[in-house]
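S.K.: Can you look at this prediction? I've put the sequence above it.
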Amino acid sequence: MSAPARSLISPAQLSKWRGKIIYWTLFWLTVVVFTLVFIGPLYWMVTGGFKSTQEVIQTPPTLFPHHPQTSAYSTAWKRLNMAQLLFNTLYYAGGALLLQLIFGVAAAYALSKLRPIMGNVVLGLMLATLMVPAAVLVIPQYVTVVDVPIVHVNLLNSPWAIWLPSVANAFNIFLLKRFFDSIPEELVQAAQIDGAGPLRTLWSIILPISRPILGVVSIFAVIGVWKDFLWPLLTMQDPAKQTLNVGVNNLSIGVQQDVLIAGLTIASIPAIVFFLLFQRSIMAGLTSGALKG
Amino acid sequence: MIRTRAAVVVLAAVAVAAAACGGSSDKKSGDASASPSFNPVLDKNAKVTISIDCAPAANKPVETKQWTDDIAAFHQIYPNVTINSKPMSKCEDPAPFTAQLKGHTETDVFYTYFTDKNQVLDSGEAADITKYVTPQTVTNLKDIQPAILDINRDNGKLYALPRTNYTMGLVYDRAVFKKAGLNPDQPPTTWADIATDAAAIAKLGGGVNGYADYSANNVGGWHFTAELYGLGGRMVSQDGTKAAFNTDQGKQVLQNLYDMRWKTGGIGSTQMIKWGDPQAAMAAGKLGMYIGAPDDITYMVQTLKGKAADFGMAPMPGGQGALVGGDDYYFKKTDTPDQIKAGIAWINFKLLTPGKGQFQYDRNKTGGLPVGLPEPEFFIQGSPSQKADDANKQASATLPIANFQPFLAVSPTPVVEPPAAQEIYKVLDNAMSAVLTDKNADIPKLLSKAETDVNTVLANQ
Amino acid sequence: MTDILESRPAVAVSRGKPRARRRGRARRSLQGYLFLLGAVLCFALFSWYPMVREFIMAFQRTKRGRTTWVGWDNLHRIMADPAFWQAWRNTVTFTVLALILGFAVPFFVAVLLNEFRHGQAYLRILVFLPVMLPQVASALLFRYFYDPKYGLFNQILHFFQLPGSAWLSSKDTALLSVVIAATWMNMGSATLIYLAALQGIPGELYEAAELDGAGLWRRIWHVTIPQTRMILSLMLLLQVVATMQMFTEAYMLTGGSGPQGSTLTVVYLIYNYAFNFNNFGSAAALGVVMLLVLGAFSGVYLWLERRVKEA
């Protein structure tokens, strides 16, 4: 890492006595407030799973479970069929990520560098899809998935029902295109002069320096599938194929409060672990000036 | 000779024509008028496969075992029928239900609520089963209340068979009553009594509320309707074109709730309650009473692990009318006649025969499921089926049947839901939430606005 | 500086190009379409085709299995629905509130976080955690916090001798409560994006500003904001478009309508029409209305933006 970049406050100011006091006060205040605001609720959720039903809905609430018990967690684990749901969701998210990286990047590259005729029309049509509420589109999409035009296949309960529509992600394609736009034309031209075709240019020139935006788009792609509720509810009705979000929601009607909270905690863990594992590389990518104005 | 041969030819032609007619009417799925050879009873040599939903899900192991046992028993009677069950933890969800109707992906025999009739018929997905439902195929047909069957009729044609039904009443917690010094065997039957008892219960403190009511997700309006019926009112006029609830009874429904919320303290300050919340509170001993159906008790005992002896039911306050609801099975339009026959045979076995299927109480008892609830009750009072069912219930009761005596003692007129029910309920949600959350709620104004809105809804039908 | 929708390549494309260049352009177009093929196919099948079907459904009505054309009738009906105007009022209020909270707050949080030389990783994780939670979990948490009698927030307020609030249970505070919860749930992603943008601002600009005697706020106004203008304006547009379509938060917190319909949004109305009232024509018509409104908004926004840039 190079020397810390100069930002709003100058290092000179910070090395002064007064600057130091303000800095550290503000810092610790922020840490405490943020911990309370962002972790506090999670703490309540985690400990709630250890309480009994009575204690969980008790008012005023208890800070620490009186008689910690793991029965809620074990019941929730069994009821949730967590392993299956987790595998399904990871499988769907992974496939969607892969397809978006392949086809989304290709599309953004074409729109940005290859610039076919009517490319702007295509981009405009893609962006227009962001303006239609999902609730309304979901039924025609479902009917399409049940009987895909031309090929006449039924995609219900197959991962393709999630993977293929996920490629139609205008937001990600747009982010990619904008980033590619900011890549200097000289690099591309240099490659062309060297005789590289568009594929080689993409692979050897564009992609290596696009790691930051690829990281961002990857996060959004995975989160998009992970948090999706309505679509998997409709298309993955087979309990063996359901996603985590849908499974957890089914749980919420039909169990006691403490089991529900335990179940929600369990369902939240994979997401948090995933982020903890990848946040460093994601942030490292993000901070190399990828998104400057 | 020639005449004989001609006769043979003519006879053959007639036979071929008859067979052709019979054959073609068999090919048209359940639509053609009955040909002379139509037999509603399933031929035991015809191999049939049907899919059916609302089978118990993995989170209900006892019911799942019962279902599989029943399928095996049914298979003994009809070895030619294969049943593919679709387990569901929630038998109907509005979004998937709508999507499936549009995408023609529902099961061959599919579950709906009574109130879904218009949606199902509008979608064109329902098969007309009138000619398939006879005393031969539904053994206790004559004992089923005609009013219940009528719910599933449209223009004289029958489209579905009932699965369960309920009438609403007041669900109350006997243990909480005792703690508050009230007599659990004499639950309140009028709103004035409810208010007094709720206030007494609220005095217990510790987060215990006397009464709770819904105000979100269209359920608030549903309860307004139920409570209005209890007082003898109606939501719409006889011909279904105008709102009819802006009356003294309508005002009384809202006033009762308003008073309990802001004056006598029987209702707590947590609002925007939806289905599931009062049940959870009562199962944890934090609620005295609420309006509900008997199967809420099953939910509270089985799923929420409440104590069965604690729950009782009283009649709908006012006792003049009670909202009926229930669920049923429809048949997909594209089913073959054999599939319809097989589906009816299964439903008859599993759902409509005392002593079998859902009415087999001894195995409920051994499985730990509650027995003794006053539902379903779609047999005619005094009929042989109903007497047999009552006897079975008594023999295997796990709930103190006496707890439901107050509910059974009063027989309010059963009233069905109004047309465009969901839209009307949504309008009334506003009025319900207003009296429960706004101290300055103006009841006459709320009702007139609701009346105008409902008239708009009805005009648009 | 690149424009939002278009970018002009550094090398100008001249008109009247020689044949070789025209052929090159055509070949590049073909290659372009090949690269676009996968995405365009998916869009065509799963976005554009359904959009066309939805558009058609907006002019139809289905009764007893028969679908008939009703022209503008669905549009008239939804506009005659008393909930229509309330839903739009709520949606616009919700969007404005959500912008103030969901746009300004993440930006200033990012500015703050950017200054810290320590613990950035920890703070970044904290901010992003809520985004990773299932919405059911967050909704349950907030419903508990917002309970008027026993919820955590009112307890804290009482501790400081402040009066409690009705939060979700009153028509005056319900919408704001939903916005606060939605901000908590979603601000992490915006914060991270702004953080990344901020780290691309050259330090010399701040030095220069400081040498010019600019105080803290003036530095933010004259350096930070202009430098991130592109990202800010892009995020603003995207957030308005996304917030107007927010559904899950309100639905899970108040059941959709809220006390006296105070949290009723246009998208919830669509959901109600489509799935509870089985009135797909009205749902589609309302969807078309929303598409037109958002399209018009985006068009005006981008046009204004270009004007400001040219000024």
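M.R.: Alright, I've got the coordinates.
S.K.: and the gap between A:Val122 and C:Leu292?
M.R.: Between A:Val122 and C:Leu292 the distance is 21 Å, computed by CB to CB, to the nearest Å. Bear in mind the C-beta positions are built from the backbone N, C-alpha and C, glycine included.
S.K.: of those two, who's got more company?
M.R.: Ranked by neighbour count (other CB atoms under 10 Å in any protein chain shown), A:Val122 and C:Leu292 place A:Val122 first, with 21 against 11.
S.K.: what about the helix or strand harbouring that one, near chain C?
M.R.: Per DSSP states H and E: A:Val122 is located in helix A:119-128. Yes. Judged by CB under 8 Å from any CB of the partner chain, helix A:119-128 comes into contact with chain C at A:Gly119, A:Asn120, A:Val122, A:Leu123, A:Gly124, A:Leu125, A:Met126, A:Leu127, A:Ala128.
S.K.: which parts of the stretch 151-300 of chain B sit against chain A?
M.R.: Within the stretch 151-300 of chain B, the residues that sit near chain A (CB under 8 Å from any CB) are B:Gly206, B:Gly207, B:Gly276, B:Ala280, B:Ala281, B:Ala283, B:Ala284, B:Gly285, B:Lys286, B:Tyr299.
S.K.: Between these, which sits nearest chain A?
M.R.: Taking CB to the nearest CB as the measure, chain A sits nearest to B:Gly207 out of those, at 4.4 Å.
S.K.: any idea which helix is longest in chain A?
M.R.: The single longest helix within chain A, with elements called by DSSP state H, is helix A:257-286.
S.K.: One more: chain C?
M.R.: helix C:280-310.
S.K.: In chain C, which residue sits nearest chain A?
M.R.: Taking CB to the nearest CB, chain C has C:Gly203 as its residue nearest chain A, at 2.6 Å.
S.K.: gap between that residue and chain B?
M.R.: C:Gly203 is 50 Å from chain B, where distance means CB to the nearest CB, to the nearest Å.
S.K.: Give me the phi and psi for the residue lying closest to B:Ala309 once chain neighbours are set aside.
M.R.: Closest residue to B:Ala309 apart from its sequence neighbours, by CB to CB, 6 or more residues apart in numbering or on different chains: B:Pro400 at 6.0 Å. Torsion angles at B:Pro400 (phi, psi; degrees, to the nearest 10) stand at phi -70, psi 110.
S.K.: Can you spell out which helices and strands pack onto the next helix or strand after the helix holding A:Val122?
M.R.: Using DSSP H and E, the helix or strand that directly follows helix A:119-128 along the chain is helix A:134-146. Helix A:134-146 sits against helix A:160-167, helix A:230-235, helix B:94-103, helix C:49-57, helix C:266-271, helix C:280-310, with contacts defined as 3 or more CB pairs under 8 Å, 6 or more residues apart in numbering or on different chains; DSSP states H and E.
S.K.: hmm, the first one touching chain B?
M.R.: Spelled out, that is helix A:160-167. No. Counting by CB under 8 Å from any CB, chain B has no neighbours in helix A:160-167; the shortest distance is 11.7 Å.
S.K.: For that helix, give me every contacting residue.
M.R.: Contacts to helix A:160-167, defined as CB atoms under 8 Å, 6 or more residues apart in numbering or on different chains, come from residues A:92, A:95-96, A:99-100, A:103-104, A:141, A:145, A:155, A:221, A:224-225, A:228, A:231-232, A:235-236, C:38-39, C:42-43, C:45-47.
S.K.: Go again with 7 Å.
M.R.: If you take CB atoms under 7 Å, 6 or more residues apart in numbering or on different chains as the criterion, helix A:160-167 is touched by A:92, A:95-96, A:99-100, A:103-104, A:141, A:145, A:155, A:224-225, A:232, A:235, C:38-39, C:42, C:46.
S.K.: Need the nearest residue in space to the residue nearest the centre of chain A, chain neighbours excluded.
M.R.: By CA atoms, centre = their mean, chain A has its centre lying nearest to A:Ile223, at 2.1 Å. Leaving out its chain neighbours, the residue that sits closest to A:Ile223 by CB to CB, 6+ apart is C:Val131, at 6.9 Å.
S.K.: The one you found and A:Met236, how far apart?
M.R.: 23 Å.
S.K.: what pLDDT does residue 127 get?
M.R.: Answering for chain A, as no chain was given. Looking at A:Leu127, its pLDDT stands at 88.
S.K.: Actually, chain C is the one I wanted.
M.R.: On pLDDT, C:Val127 comes in at 87.
S.K.: helix/strand/coil for it?
M.R.: Secondary structure, DSSP: H, G, I helix; E, B strand; the rest coil: C:Val127 is helix.
S.K.: so how far is chain B from it?
M.R.: Distance of C:Val127 to chain B, given as CB to the nearest CB: 29 Å.
S.K.: Identify the residues contacting that residue.
M.R.: Per CB under 7 Å, 6+ apart, neighbours of C:Val127: A:Phe34, A:Phe38, C:Val109, C:Met187, C:Gly188, C:Thr191.
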